[in-house]
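Sequence and predicted model, in that order:
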Amino acid sequence: METYNINMEQKMTRFNEVCKNAGIKLTHQRMEIFKEVAGSKAHPDAESVFRGVHERMPTLSQDTVYRTLWLLKDLGLITTVGVSRERTRFDGNIHPHHHFVCSRCGSTYDFHSRELDELNLPDQIKDMGRADDFQVTVKGVCKDCSDS
């Protein structure tokens with residue numbers, strides 16, 4: 001099943017279960033931050049999450065957003081896209097998928113590919129360490145940018 005077909009109620013049920021099993025307190029701030037990421041297909045960075053939630057919760061601090069995003073990642077409720085911690089984008093889709101990233105505007109889109117899912121990693125990966133997961137990132141110019 002694709003993540004897009006999983007409704008927010010199911011995502012929130014999983015959020016509640018994971019937090020409860022990990023002994024993590026279910027705060028309103030954590031729920032709103034999770035909803036912001038889980039409800040977005042835009043792969044928001046921490047600043048975008050802060051702006052989105054801050055509109056609903058003006059007392060929310062940026063520090064709370066950053067700490068919560070990394071907690072949600074550690075709990076396996078969200079993933080990250082990119083390697084730079086300063087500009088990391090967060091992804092509510094935790095199921096296997098790949099990304100298309102626009103090199104002009106930075107928009108990030110999910111896509112699925114059986115061929116890429118079945119890709120055999122090169123043997124040299126073993127020399128680097130153990131691969132637990134992989135995602136393919138395709139970089140190019142999105143339709144919106146190429147049309148302008």
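Cool, the structure landed.

per-domain residue ranges of the protein.
The chain breaks down by automatic domain parsing into domains covering 3-91, 98-147.

winner for burial among the ones you listed?
Counting by mean count of other Cβ atoms under 10 Å, domain 3-91 has the highest mean neighbour count of the domains of the chain, with a mean of 16. (Each C-beta comes from the backbone N, C-alpha and C, glycine too.)

what distance separates that one from the middle of the whole chain?
Remark: domain 3-91 is offset 8 Å from the chain centroid, using Cα atoms, centre = their mean, to the nearest Å.

Dump the domains of the chain to JSON lines, plus mean pLDDT.
Formatted as JSON lines, the domains of the chain follow (pLDDT from 0 to 100):
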{"stretch": "domain 3-91", "mean pLDDT": "90"}
{"stretch": "domain 98-147", "mean pLDDT": "90"}
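
and the longest helix for this structure?
Longest helix in the chain by number of residues (criterion: DSSP state H): helix 8-22.

Return the list of helices and strands in contact with the next helix or strand along the chain from that helix.
Once the chain leaves helix 8-22, the next helix or strand it forms, by DSSP states H and E, is helix 28-38. Packing partners of helix 28-38 (3 or more Cβ pairs under 8 Å, 6 or more residues apart in numbering; DSSP states H and E): helix 8-22, helix 46-56, helix 62-74.

Make JSON lines out of those and add distance to His28.
Shown next, in JSON lines, are the helices and strands packed on helix 28-38 (distance: least, Cβ to Cβ, whole Å):
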{"stretch": "helix 8-22", "distance to His28": "13"}
{"stretch": "helix 46-56", "distance to His28": "10"}
{"stretch": "helix 62-74", "distance to His28": "11"}
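
Compare the ones you listed and report which one is nearest to Ser146.
helix 46-56 (23.1 Å; Cβ to Cβ).

how about the closest one as PDB, C-alpha atoms only?
Output of helix 46-56 as PDB, limited to C-alpha atoms (Å, rounded to 0.1, in the frame of the first residue of the first chain):
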ATOM      1  CA  ALA A  46      12.500  22.300  10.100                       C
ATOM      2  CA  GLU A  47      11.800  26.000   9.300                       C
ATOM      3  CA  SER A  48       8.800  25.100   7.200                       C
ATOM      4  CA  VAL A  49       7.400  22.900   9.900                       C
ATOM      5  CA  PHE A  50       7.900  25.600  12.400                       C
ATOM      6  CA  ARG A  51       6.100  28.200  10.300                       C
ATOM      7  CA  GLY A  52       3.200  25.800   9.600                       C
ATOM      8  CA  VAL A  53       2.700  24.800  13.300                       C
ATOM      9  CA  HIS A  54       3.400  28.200  14.700                       C
ATOM     10  CA  GLU A  55       0.400  29.600  12.800                       C
ATOM     11  CA  ARG A  56      -1.800  27.200  15.000                       C
END
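
Thanks a lot, see you next time.
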